[in-house]
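In: Okay, structure incoming, though there's no sequence with it:
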C-alpha cells in the first residue's frame, strides 16, 4: 500500500482511506469491526468518520459510527496504528438531534463536538479534525451554483480557527481540515491562519469521481497545490453508480434503491447513467471491472492525498482495496477524458 503525507503535517497515510458512514445503518457493529480488521491487514492506516454518521442521518443512529470505531479501538488496542479523522457538523436546522439543531462552527459547538467524539471514539486525541461543511452560504451536496439570495450570518473563519488552535494546544486534536469547501474558502482559511498565527488546514475532503470532477475545473487543484492542501476524495464510486451495478440492474440493492430518491438525486440523473454505461464498457473492454477502473483513475490523480472508500460487504471492500495496485494504460486514461468531454460532471 502506497502512502502520502498530508499537507505540511507529519501525518503519513495510506493512499486508501476506510470510509465508515455505513457503520450503524447498513453495517452492524460486528460488520464494522470485520471491515476495520481487514483494512488494517491490507495496509490501510487511515480511518474517516464524522459526528453525524451514519447516513442517511437520523436521531436514532447519530453517533453510532464513532461508537463502533471506538469499541473496535478499545478491543483491538490498535489506536497507535491508525490515523483517525472525524468531522464536526456545520449548521443544519433540520438535524435537531445534534445540539438542538443550533450547531454551527463556533467555539461552544466545536468544543462540544470534539468532546463527544472523543468519548464515542474512546480515545484522547483525534489526528485530523475536519469541518464537515461551511458555516457560510455555499453550494454543496448536489447544488452547484452560488446563490447570493441564500446569504446568512455565518461564524467568521478566524473564530473557528481560533478555537481549533486552542484544542490543538490542549492535545485533543492534532491537525485540521475542511470538507465540501470552495476555492474561496480554502484561500480564506489559509489567509486567516497566516495573518493571525492560527492553525493551517492540511486537507480538504471534497466530492471527486469520474462523474464529478469540479475539483479540477474550479481551480481547486491549483489552490491546493500552491497551498499544500491534500485532497481526501470522497464518493469515488458515486454512491455505487460507478460500479455499474445500477446500470446492469436498476433494482440492485444499494443506497440508491434502499433509500428515497430525494437522498441522492444527483446520482439518479439520466446523464449519470449514460456516462456510467460508457465508463463500464471502457473498463470491461480493457479487462477491468468498472469499480476497479474508477478507483484506479482516482488514485492516479496527482492532487489526491487519499481516496475514501466505503463498502457494505467484505467482498466489496476487497475489490476496492485491490484497485490501489492497478495502473491504467495511457489509452484508457485518454478514453476516460473523451467520455468526460461528452458527459461533463453529471454527478456534481
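Out: Sure, I can see it. None of the values given here were measured: they were computed from a predicted structure.

In: okay, CA-based contacts and neighbour counts for the rest of this
Out: Will do.

In: Relative to residue 279, how far out is the residue with the largest distance to the centre of the chain?
Out: For the chain, the residue at maximal distance from the C-alpha centroid (Cα atoms, centre = their mean) is residue 285, at 29.8 Å. Residue 285 sits 10 Å away from residue 279, going by Cα to Cα, to the nearest Å.

In: ditto for residue 211
Out: Taken as Cα to Cα, the span from residue 211 to residue 279 is 10 Å.

In: And residue 259, by the same measure?
Out: Taking Cα to Cα, one finds residue 259 at 25 Å from residue 279.

In: how about the helices of the stretch 151-300 of the chain, start to end?
Out: Secondary structure of the stretch 151-300 of the chain (DSSP state H, counting those that start in this stretch): helices at 157-169, 183-196, 214-217, 220-227, 245-248, 255-258, 270-285, 290-300.

In: List the buried residues in the fifth one.
Out: By 16 or more other Cα atoms under 10 Å, the buried positions in helix 245-248 come out as 245-247.

In: Span of stretch 240-260 from start to end?
Out: End-to-end distance for stretch 240-260, by Cα to Cα: 15 Å.

In: Revised request: answer the last question for stretch 203-215.
Out: 13 Å.

In: cool, stretch 101-115 as well?
Out: Start-to-end, stretch 101-115 (Cα to Cα) is 18 Å.

In: Mind checking the pLDDT average for that stretch?
Out: The average pLDDT for stretch 101-115 rounds to 96.

In: Okay, buried residues for that stretch please.
Out: Neighbour count says stretch 101-115 has 103-107, 109-111, 113-114 buried, by 16+ other Cα under 10 Å.

In: check contacts around residue 225.
Out: Residue 225 makes contact with residue 303, according to Cα atoms under 8 Å, 6 or more residues apart in numbering.

In: all numbers from here: first residue = 58
Out: Taking 58 as the first residue, the last one we looked at is residue 282.

In: Quick check: it vs residue 138, distance?
Out: Taken as Cα to Cα, the span from residue 282 to residue 138 is 28 Å.

In: and if you look at residue 404?
Out: Residue 404 is 35 Å from residue 138, by Cα to Cα.

In: Then residue 180?
Out: Taking Cα to Cα, one finds residue 180 at 13 Å from residue 138.

In: Neighbour count: those two, which is higher?
Out: The residue with more neighbours, out of residue 180 and residue 138 and counting by other Cα atoms under 10 Å, is residue 180; that gives 15 against 12.

In: can you pull the contacts of the more buried one?
Out: Per Cα under 8 Å, 6+ apart, neighbours of residue 180: 127, 136.

In: For it, give me phi and psi.
Out: phi -140, psi 170 (degrees, to the nearest 10).

In: ok, now the one 3 residues further on?
Out: With angles defined as degrees, to the nearest 10, residue 183 sits at phi -120, psi 130.

In: Nearest spatial neighbour of it, chain-adjacent residues omitted?
Out: residue 230 (4.6 Å; Cα to Cα, 6 or more residues apart in numbering).

In: just checking, which of the buried residues of stretch 158-172 belong to strands?
Out: For the buried residues of stretch 158-172, not one is inside strands, with DSSP state E as the criterion.

In: follow-up on the earlier one: between residue 316 and residue 336, point out the one with more neighbours.
Out: residue 336 (26 against 11).

In: Hmm, residue 348 and that one touching each other?
Out: No - at 9.7 Å, residue 336 does not count as touching residue 348 under the criterion of Cα atoms under 8 Å.

In: so what sits against both of those two?
Out: residue 299.

In: Could you tell me which residues within the strand or helix carrying residue 125 count as buried?
Out: If you go by DSSP states H and E, residue 125 is part of helix 121-133. Across helix 121-133, burial judged by 16+ other Cα under 10 Å covers 121-130.

In: do the same with stretch 143-150
Out: For stretch 143-150, by 16+ other Cα under 10 Å, it's 143-148.

In: ok, residues contacting that stretch?
Out: 105-109, 158-162, 167, 170-171, 174, 183, 185-192.

In: Just the terminal-to-terminal distance for that stretch.
Out: Terminal-residue distance, stretch 143-150 (Cα to Cα): 21 Å.

In: same deal with stretch 252-269?
Out: Length of stretch 252-269, first residue to last, Cα to Cα: 33 Å.

In: Same check on stretch 180-196?
Out: 34 Å.

In: For it, give the mean pLDDT please.
Out: 97.

In: So what's the residue count around residue 210?
Out: 8.

In: and it, what does it touch?
Out: Counting by Cα under 8 Å, 6+ apart, residue 210 has contacts residue 193.
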